[in-house]
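J.: All I have is the shape, not the residue letters:
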């Protein structure tokens, strides 16, 4: 790390103008949360591997900002040359720069790796001391990264209509109607999942996320896809062009945005008739000369492309594709809630994917608890009882610390998670994991985004909490589920914590709320049972989840329960304000561990909810179980009472 920092500081000093500081964001050119190996620049300079964070390098200091999900991980991974800055507790990066760097300081950043929103916020903060944000002409990290991985050249794949649910023509038609309504003549689409969703394409340029490194520009007359053409076969190219989309080289987006700004893009390409009959209503024809704005999403568009546009002729607003893409399901608890179901094919696909995924999770729990014969990782009699003398999933008792034979491999966080992936791989339409499995024992379960490594991971311990947060990519949907279990005798404190998390889980899942309610207004429902004990968690309560696209506590242990929920309309006796009311539908199916629940803390209504959910688990998953698995599932979902 010392050599990397020294090399960067040398480049900073020789830059014109000389840089007092260099900001290294986590994001790629598309402001992605998860990036390819080539784009892990912040990880390269700092050694911190979390998905969120920002590095700042000055002449004398190196600081890393990250959020509460990663405090523990960052403390473990950062060398003594780096200082951790806790978002929400320490000053923000722009405040720190404004207060600690000299007046008129120059702060460099690669404009391709920072969003419009973020860059403008920094500029406002820096202006207080006449400091300036400098757009570097090249990425300085790339210049010192001698073994930087090459750019991905994986093939573009057409996502079949049977899974996409809506054709490209339909999506373009809707998008152009939104452009006309907003008096815009074009839109720049930079988010990878939005490009993939709009054009019904998928790829594998980013691990766990089936996306393609690509930009898109759509005008009232034309549509463009900017991608490395080596990734596009003649068959795929023909399919894309049939929808009136011109395929252009990835790097051409920069010059084409400049042409778009001067209203020369359609003329330059000769595709003025490329509308492909997507505006049947004639909406797009109305006063086309008055539609002179370029739509840019300031949260996802990079500052480099924004800088090529006329600031007076921009519509800075969330991409219309963000909501259109989300109109199906939100995971574990919503970020926005004014949604209606628009794509039943995607929604049905998600339900089906979660049934198959739930079956894999139950098979995994059975394997952990009982016998694993002839498995892929060659564990002989690999079961919690036989290897560790554990009392098991159902019974309470201290582990007997049974001594393993030398011939028996130990059961670790990694070998266990590999087995879970193996169960998922047998399911129809499986295409890989949706994120690295968080398989964590005891204290590791307190690291929110813990990533076990074969060389350092923990062995399963029957006397400790085991948490696994995992998901898969299926052609018809993306899954994300978390369960927490104990194979020995859980303490009363562990039971109280688990039950509090479950109570919040139930309270939010049972919520009824008026249309238009913001997710933050419901977040409190999940936290109230924890607050009674003075407990909380340092992250949001939920996040969106894609349709074969993207997904996304300190101390001795961590507890997490995560289901995917669909928002649906609900009938209520009254309808105050004529808003209409909404509720949730669970589509994740896997049992909660009764042994970890203090039933005396549950209300009769909560016990009824638990029994009803478990009854549905039995009914929905039974067709996917063999006799032994079904017997285990029946026992795991037996009705309970206080």
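T.: Now that the structure is in, tell me what you want to look at. Keep in mind the model is a prediction, meaning the values are calculated, not measured.

J.: In stretch 510-525, which residues are buried?
T.: Going by neighbour count (16 or more other C-beta atoms under 10 Å), the buried part of stretch 510-525 is 511, 513-515, 517, 519, 522-523, 525. C-beta coordinates here come from the backbone N, C-alpha and C atoms, glycine included.

J.: End to end on it, go ahead and measure it.
T.: 10 Å (C-alpha to C-alpha, to the nearest Å).

J.: what does stretch 253-265 rub up against?
T.: The contact list for stretch 253-265 (C-beta atoms under 8 Å, 6 or more residues apart in numbering) reads 185-186, 188, 215, 217, 219, 222, 224, 226, 248, 268, 292, 294, 304-305, 308-310, 313.

J.: buried sites along stretch 101-120?
T.: 101, 105-120.

J.: wait, isn't residue 141 in contact with residue 44?
T.: Yes. Between residue 141 and residue 44 there is a contact under C-beta atoms under 8 Å: 6.4 Å.

J.: out of those two, which sits in the more crowded spot?
T.: Set residue 141 next to residue 44 and count neighbours by other C-beta atoms under 10 Å: residue 141 wins out with 25 against 19.

J.: which SS state does that one fall under?
T.: With DSSP: H, G, I helix; E, B strand; the rest coil as the basis, residue 141 sits in helix.

J.: mind listing what it touches?
T.: So residue 141 contacts 8, 24, 41, 44-45, 110 (C-beta under 8 Å, 6+ apart).

J.: mind listing the strands for the stretch 1-150 of the chain?
T.: Using DSSP state E, counting those that start in this stretch, the strands of the stretch 1-150 of the chain run over residues 21-25, 54-58, 62-66, 83-86, 106-109, 132-135.

J.: Any chance of those in JSON lines with mean pLDDT and distance to residue 433 as columns?
T.: Conversion of those to JSON lines gives the following (pLDDT from 0 to 100; distance: least, C-beta to C-beta, whole Å):
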{"stretch": "strand 21-25", "mean pLDDT": "98", "distance to residue 433": "25"}
{"stretch": "strand 54-58", "mean pLDDT": "98", "distance to residue 433": "26"}
{"stretch": "strand 62-66", "mean pLDDT": "97", "distance to residue 433": "23"}
{"stretch": "strand 83-86", "mean pLDDT": "97", "distance to residue 433": "29"}
{"stretch": "strand 106-109", "mean pLDDT": "98", "distance to residue 433": "32"}
{"stretch": "strand 132-135", "mean pLDDT": "97", "distance to residue 433": "36"}
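
J.: Let me have those in a markdown table, extended by distance to residue 397.
T.: Formatted as a markdown table, these follow (distance: least, C-beta to C-beta, whole Å):
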| stretch | distance to residue 397 |
| --- | --- |
| strand 21-25 | 50 |
| strand 54-58 | 47 |
| strand 62-66 | 40 |
| strand 83-86 | 40 |
| strand 106-109 | 57 |
| strand 132-135 | 61 |
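
J.: Compare those and give me the one nearest residue 591.
T.: Closest to residue 591 of the strands of the stretch 1-150 of the chain, according to C-beta to C-beta: strand 62-66, at 34.0 Å.

J.: partners of that closest one in the sheet?
T.: strand 54-58 (antiparallel), strand 83-86 (parallel) (DSSP bridges).

J.: Taking strand 21-25 as reference, get the angle to it.
T.: 30 degrees (axes from the mean of the first three to the mean of the last three C-alpha atoms, to 10 degrees).

J.: who touches strand 62-66?
T.: Outside of strand 62-66, the residues within contact range by C-beta under 8 Å, 6+ apart are 5, 42, 46, 48, 50, 52-56, 74, 78, 81-87, 90, 92-93, 96.

J.: name the element residue 615 belongs to?
T.: Secondary-structure assignment from DSSP states H and E places residue 615 in helix 604-621.

J.: Does anything pack onto whichever helix or strand comes after that helix? Which helices or strands?
T.: Helices and strands here follow DSSP H and E; after helix 604-621, the next one along the chain is helix 627-636. Applying 3 or more C-beta pairs under 8 Å, 6 or more residues apart in numbering; DSSP states H and E, one finds that helix 627-636 contacts helix 344-369, helix 604-621.

J.: looking at those helices, which is buried most?
T.: helix 344-369 (a mean of 22; mean count of other C-beta atoms under 10 Å).

J.: That one: how far from the chain's middle?
T.: Mean-position distance between helix 344-369 and its chain equals 19 Å (C-alpha atoms, centre = their mean, to the nearest Å).

J.: can you give me the mean pLDDT across that helix?
T.: Per-region confidence: helix 344-369 scores 93 on mean pLDDT.

J.: just stretch 113-129 next, same as before
T.: Mean predicted confidence for stretch 113-129 is 96.

J.: Distance of residue 392 relative to residue 369?
T.: Per C-beta to C-beta, to the nearest Å, residue 392 is found 5 Å from residue 369.

J.: What of residue 217?
T.: 54 Å.

J.: can you tell me which of the strands paired with strand 62-66 comes nearest to residue 151?
T.: Closest among the strands paired with strand 62-66, using C-beta to C-beta: strand 54-58, at 22.0 Å.

J.: So what's the gap between the closest one and the chain middle?
T.: Relative to the chain's own centre, strand 54-58 is displaced by 24 Å; criterion: C-alpha atoms, centre = their mean.

J.: Is it correct that residue 318 falls within a helix?
T.: No. Read with three-state DSSP, residue 318 is coil and lies in no helix.
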